[in-house]
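Visitor: Pasting a predicted model and its sequence here:
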Amino acid sequence: MADLGLAFAGLKLKNPVMTASGTFGYGREYGEFFSLKSLGAVVTKGITLEPRAGNPAPRVVETPAGMLNSIGLENPGVDRFIEEELPALREAGATVIVNVSGHTASEYAEVAGRLDGAEGVAALEINVSCPNVDQGGMTFGVDPAAVAAVVEGCRRRTRRPLITKLTPNVTDLTVVARAAAEAGSDALSLINTLVGMVIDPATRRPVLPRGVGGLSGPAVRPVAVRAVYEVAAAVDVPIIGLGGVTTAEDALQFMMAGAAAVAVGTAFFVDPVAAVRVVEGLSDWCDRNRVEWIGELIGAANPGFKGRRPGRY
Amino acid sequence: MADLGLAFAGLKLKNPVMTASGTFGYGREYGEFFSLKSLGAVVTKGITLEPRAGNPAPRVVETPAGMLNSIGLENPGVDRFIEEELPALREAGATVIVNVSGHTASEYAEVAGRLDGAEGVAALEINVSCPNVDQGGMTFGVDPAAVAAVVEGCRRRTRRPLITKLTPNVTDLTVVARAAAEAGSDALSLINTLVGMVIDPATRRPVLPRGVGGLSGPAVRPVAVRAVYEVAAAVDVPIIGLGGVTTAEDALQFMMAGAAAVAVGTAFFVDPVAAVRVVEGLSDWCDRNRVEWIGELIGAANPGFKGRRPGRY
Amino acid sequence: MLSVFRAPIRESVRVGGGGGRGADGDGQAVFHRLRLHAAAVAEVARPGQFVHLRCALPGQWDPLLRRPLSVHRINRGRGEIEVLFRVVGRGTGYLAGLAEGDAINLIGPLGQGFPTDLADGETAVLAAGGIGVAPLVALAEELAGKGAPLTAAVGAQTAAGLVAVDELGKVAGRVATATDDGSSGYHGFVTDLLAGLLERVARPVVYACGPEPMLRRVQAMVAEGGPRVRGYLSLEARMACGVGACLGCAVRRAGPGTAYYHVCHDGPVFAAQEVVLGG
Amino acid sequence: MLSVFRAPIRESVRVGGGGGRGADGDGQAVFHRLRLHAAAVAEVARPGQFVHLRCALPGQWDPLLRRPLSVHRINRGRGEIEVLFRVVGRGTGYLAGLAEGDAINLIGPLGQGFPTDLADGETAVLAAGGIGVAPLVALAEELAGKGAPLTAAVGAQTAAGLVAVDELGKVAGRVATATDDGSSGYHGFVTDLLAGLLERVARPVVYACGPEPMLRRVQAMVAEGGPRVRGYLSLEARMACGVGACLGCAVRRAGPGTAYYHVCHDGPVFAAQEVVLGG
Ligand SMILES: Cc1cc2nc3c(=O)[nH]c(=O)nc-3n(C[C@H](O)[C@H](O)[C@H](O)COP(=O)(O)OP(=O)(O)OC[C@H]3O[C@@H](n4cnc5c(N)ncnc54)[C@H](O)[C@@H]3O)c2cc1C
Ligand SMILES: Cc1cc2nc3c(=O)[nH]c(=O)nc-3n(C[C@H](O)[C@H](O)[C@H](O)COP(=O)(O)OP(=O)(O)OC[C@H]3O[C@@H](n4cnc5c(N)ncnc54)[C@H](O)[C@@H]3O)c2cc1C
Ligand SMILES: Cc1cc2nc3c(=O)[nH]c(=O)nc-3n(C[C@H](O)[C@H](O)[C@H](O)COP(=O)(O)O)c2cc1C
Ligand SMILES: Cc1cc2nc3c(=O)[nH]c(=O)nc-3n(C[C@H](O)[C@H](O)[C@H](O)COP(=O)(O)O)c2cc1C
Ligand code: FES
Ligand code: FES
């Protein structure tokens, strides 16, 4: 049996398979299909300072080999999250990464600060794909300075490892990645969703009330693999690769491009046990290919790979 | 029978369905499946000043509901194109739009100049997705100033309508679109392919020899529709929408988002008569929905639509 | 623990409706019924719950998402469930193309079913619009099994859209029918029939499933009826996960402020006054 | 004018090979043969040409691209063609799952076939590696029909990989076989057998189809044979359009400078000296 364990960025993962934020709730629902302990980590739905109701319906629409979502960050707010959701996750034995969102840099920092005191939070994932209300509503994630400000703000308020989750909707991801790394981010997650739209010819309107939504699923995988490949050749911080991971082969693409770990998102909607199958598939693949430790594969397809190699679990 | 004819940007199209550059060769191959006269226009494979051999194999790889290509602009060069390919297209009665590529602004302009003298060229489509060798290899298309320079250079050398084909791999497409329009582009085509990568775990290398390739097909359609929607609310020049058009309903999404016409690309590989089916489907849809002239639908789903409405054919 | 099931198809039949497969150009609906072996689902399924079905071959990612279909009938003894659906698009088209011996990948039963405990003196009044009849057959069978008083009305646009009336009739007695075009039964809306039933029945418990305009009307009728009338609505929403994880299937909660229920998890059945339709 | 055909399946059979559907974990290959009604294709198809098959239901976009398969046999009288393929992935898996009565969407015949005009004194020498035998059966049948002298050798990794040897034998007489593991026939490569045949035959015309390493070896042997030996190779390449429009299926031309042929349009059959393999 191959060793799938990894240690990087202050995280210890029994295997490199996580859940993608927003596709796995707070672990309760899919926790009925498999034990949360079988995954490397559980990344929660995005948490904000105040509770958010989210967007009106419809919030999801299917696209070829993908989907758009416009959930609007529905969540109970950080305080109720800590009280009502975190204990169950902790008890289920999950390694918990909390996804953090906000509309101002100080909102991010405040959420990070409150989570710093909470027990059972292994790391924070900062989602910089929200509109920056202080700067006219462009998302933080397209502006390296804004990303750096958010990361620095969080860094001052927490000792936990910080992962910055980047949006792919930029001309040059490496610039934003460098800004996040230099501002103190311990790891990067990429990619978040692409911006997309579906129009219903019958109603002559976009299907989603806000027009655009976030594109995810197998359709975006080639874009995500390329993003990981490019960023892994530009920065040395560990990368969590995601975007359309459905099988172990997909996960291997990301790891060989340079990701230290992967996350499964939309694939849960197709197969509730997709992530478990990815873990099993990785183990089988390593055995068949005489790979003793999965860490050996990181960056294997990327001659420019700059990353520090993770340690063993 | 609904009227599908349109006139815009100095072009007269009997219907709003074109071919996407590079997916239709010079019209000969699919011309064996249907008459080129049945389409609004035929857009040729990209032409450069000198002949190009293109990239080594493999050049294509399938992805979920899409594909990557890395053809490398294989083409006979503008002079042989005019001599060997253009006459047949003219004789087939096609409305011909020539896609133009280059590595320097002056190469684009030179190709445009040579085509200006050629008979049977209805318009030029300037593909600014090539690496700009004068500026370190970033594609022209991500830099508004470089796009403007290419357009202005071509504008000086030709009286034909100029269409600028934009790449979606930028933070804000509207900035580039405005630059192209202000530099004298009569219309815009969007989108070109997204940059993507597929890695083969068995070989531990990217499948395409150059690593990345261009993602096209149904998978990218939501990104393309969004791009048209945004740009149509930012500039008033007519837009040709493309990216994953497979059916009349898809074409309607683009037109309702603000496109004056659409192009069918990757869908040809699935169904050689896809474009003809789109034309027929548009006609049926208009009849069923009592739309007398298809021009009425342009921008119908886009409250911010800024475009000048095309004229009748 | 929930599981992902591979349910072999025991029977696959086209039901009523017009010609051709898929929604026809002339708007004639086509309906299809599948009987599936899924003992673990049949064991625990309750009327009003749904199953979430994959509609592509393994390894194919288009269409990507599962499709929710109500549990139409439950046969615990044989370990079978049935689904009844209108063929509208690629997903239901795929399912209608399956034959006996094929299998479907499904998860379920999901969601909250209909509350079926009636107080003394209460009468169940079932109202279905079109394919909304699907969950009401399982409900009627359960209510009848409990000996609850029961009456039902089904409406559709045309006679061809009236399906499963016989199945319903077997347990509910006479089923009143209505069509928009008068081609069968009462000429008008099923809610007109419901209005009559609500007058005749002392303490009605309304169970309704159908298109949103119909459900809005039912909601108003239940509200107008005051404390004498209870009402439950089975809702539809675009879903991704089907289990409460993605928050995709929002429906507005009634009450001050903006808050949402999730149809797959809190529903699909809601008390009529709990939700704001079309919000 | 070319057309898109809907070809009904007349016969769908698994052929030889190991257990299970799809390439098994233990590397045992599974082969499948489909007999299709496609009169217009059968009418004009030539050995060495291929058909391009859609491998998804209408309206499904994954898998997206068509799959190229050689014309394995042609029956003009019955308006039928056969394809013979190894089940390796989603496309061939889909095709192998089809049954008599289903239909396939195909275009073809595409590409340039084998030149079959032999000069006096020339002998056709067919060499197949694995599933490379597929196009050679149609070729052998045509050559035999013309009364051309003919001999053949087929190789595979193991005995289970030797397919269609009987069909070939019916027209080519004795077929020499080779396996890498010696489990059937000669213990070694089919190119070793070919070397023997090239020595015994006065003016061989080699027709080869198989994996690239084999074709490279054949290419070298043809070159070494000098003007006495002609040779034709049937190549594979990743394809999108299949008709010459996308320029996706490049193979390097022999000669100075860099230039490419397109396998779908200029090939898939090339004279051995025309192409640079693995370039
Ligand atoms: C809880 C629940 C129970 C249902 N029970 C039944 C039933 O018993 N019988 C029946 O005929 N139909 C039922 N529906 C509706 C059924 O799910 C849709 O008709 C079906 O998803 C259409 O899929 P399609 O691919 O054929 O159509 P398409 O229009 O191609 O589907 C495209 C996408 O839209 C979604 N979608 C389309 N229509 C609906 C809809 N009405 N509700 C929700 N999502 C939709 C699909 O799931 C898919 O993601 C139910 C819906 C829900 C939410
Ligand atoms: C002209 C030509 C004739 C062929 N004739 C035959 C035949 O008669 N019998 C047979 O078994 N095989 C033949 N092949 C190979 C056959 O096309 C592939 O095995 C098949 O495409 C695999 O598809 P898949 O979806 O099962 O596999 P996957 O590996 O899932 O396919 C993924 C993608 O790669 C492409 N691909 C994979 N393998 C090959 C390959 N070897 N050659 C070209 N593209 C490939 C597929 O077309 C698809 O686009 C031929 C190939 C060509 C080019
Ligand atoms: C329904 C849904 C909700 C999501 N919510 C969040 C979120 O709250 N925070 C976040 O950082 N990403 C969110 N994402 C993005 C995913 O975490 C992931 O980056 C993206 O979906 C690509 O991965 P996938 O293709 O595997 O789904 C969401 C995605 C989906 C589909
Ligand atoms: C094989 C292939 C070759 C292409 N070559 C060109 C080209 O030469 N010039 C160009 O502007 N776009 C080229 N494109 C991009 C297409 O014109 C189109 O913008 C893109 O494929 C999206 O449309 P689609 O999804 O309908 O294919 C090419 C695309 C493909 C698939
Ligand atoms: S469909 Fe995901 S929460 Fe209901
Ligand atoms: S596959 Fe398109 S040119 Fe050969």
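Guide: Looks like it came in fine. Ligands and ions are numbered 1, 2, ... in the order given.

Visitor: Distance check, residue A:239 against residue C:273.
Guide: 50 Å (Cβ to Cβ, to the nearest Å). All C-beta spots, glycine's among them, are computed from the backbone N, C-alpha and C.

Visitor: same check, this time on residue A:232
Guide: 54 Å.

Visitor: Surely residue A:63 and residue A:198 touch.
Guide: Yes - using Cβ atoms under 8 Å, residue A:63 makes contact with residue A:198 at a distance of 6.2 Å.

Visitor: which residues are common contacts for those two?
Guide: By Cβ atoms under 8 Å, 6 or more residues apart in numbering or on different chains, residue A:63 and residue A:198 have these common neighbours: residue B:222.

Visitor: More neighbours: which of those two?
Guide: Counted by other Cβ atoms under 10 Å in any protein chain shown, residue A:63 and residue A:198 do not tie: residue A:63 has more neighbours, with 31 against 21.

Visitor: Just list whatever residues bridge to the more buried one.
Guide: Beta bridges link residue A:63 to residue A:66, judged by DSSP bridges.

Visitor: dump the residue contacts of it.
Guide: Applying Cβ under 8 Å, 6+ apart to residue A:63 gives the contacts A:196, A:198, A:215, A:217, A:219, B:218, B:219, B:221, B:222, C:64.

Visitor: can you redo these as a markdown table with distance to chain D, pLDDT and secondary structure?
Guide: Output for those, formatted as a markdown table (distance: Cβ to the nearest Cβ, whole Å; pLDDT from 0 to 100; DSSP: H, G, I helix; E, B strand; the rest coil):
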| residue | distance to chain D | pLDDT | secondary structure |
| --- | --- | --- | --- |
| A:196 | 15 | 97 | strand |
| A:198 | 14 | 98 | coil |
| A:215 | 15 | 97 | strand |
| A:217 | 11 | 98 | coil |
| A:219 | 9 | 98 | helix |
| B:218 | 4 | 98 | helix |
| B:219 | 8 | 98 | helix |
| B:221 | 10 | 98 | helix |
| B:222 | 13 | 98 | helix |
| C:64 | 8 | 97 | coil |
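
Visitor: the more surrounded of residue A:232 and residue C:273?
Guide: residue A:232 (30 against 13).

Visitor: State the number of residues packed around whichever residue of chain A sits closest to ligand 3.
Guide: Per Cβ to the nearest ligand atom, residue A:22 is where chain A lies closest to ligand 3, at 1.9 Å. The number of residues packed near residue A:22 is 28, by other Cβ under 10 Å.

Visitor: Checking it next. Helix, strand or coil?
Guide: Put simply, residue A:22 is coil when judged by DSSP: H, G, I helix; E, B strand; the rest coil.

Visitor: So what touches the strand or helix carrying residue A:250?
Guide: In this assignment (DSSP states H and E), residue A:250 forms part of helix A:248-257. With contact meaning Cβ under 8 Å, 6+ apart, helix A:248-257 is reached by A:16-17, A:221, A:224-226, A:228-229, A:232, A:241-242, A:244-245, A:261-262, A:277-278, A:280-282, A:284-285, A:294, A:297-302, B:197-199, B:201, B:204.

Visitor: Quickly run through the sheet partners of whatever helix or strand residue C:207 lives in, with directions.
Guide: Residue C:207 belongs to strand C:203-209 when assigned by DSSP H and E. Strand C:203-209 has the following strand partners under DSSP bridges: strand C:122-129 (parallel), strand C:230-234 (parallel).

Visitor: pretty sure residue C:91 belongs to a strand, no?
Guide: No - counting by three-state DSSP, residue C:91 falls outside a strand, being helix.

Visitor: show me the contacts for residue A:311.
Guide: A:6, A:7, A:8, A:295.

Visitor: and whichever residue of the stretch 101-250 of chain C sits closest to ligand 2, helix, strand or coil?
Guide: Residue nearest to ligand 2 within the stretch 101-250 of chain C: residue C:105 (20.4 Å; Cβ to the nearest ligand atom). Following three-state DSSP, we place residue C:105 in the strand state.
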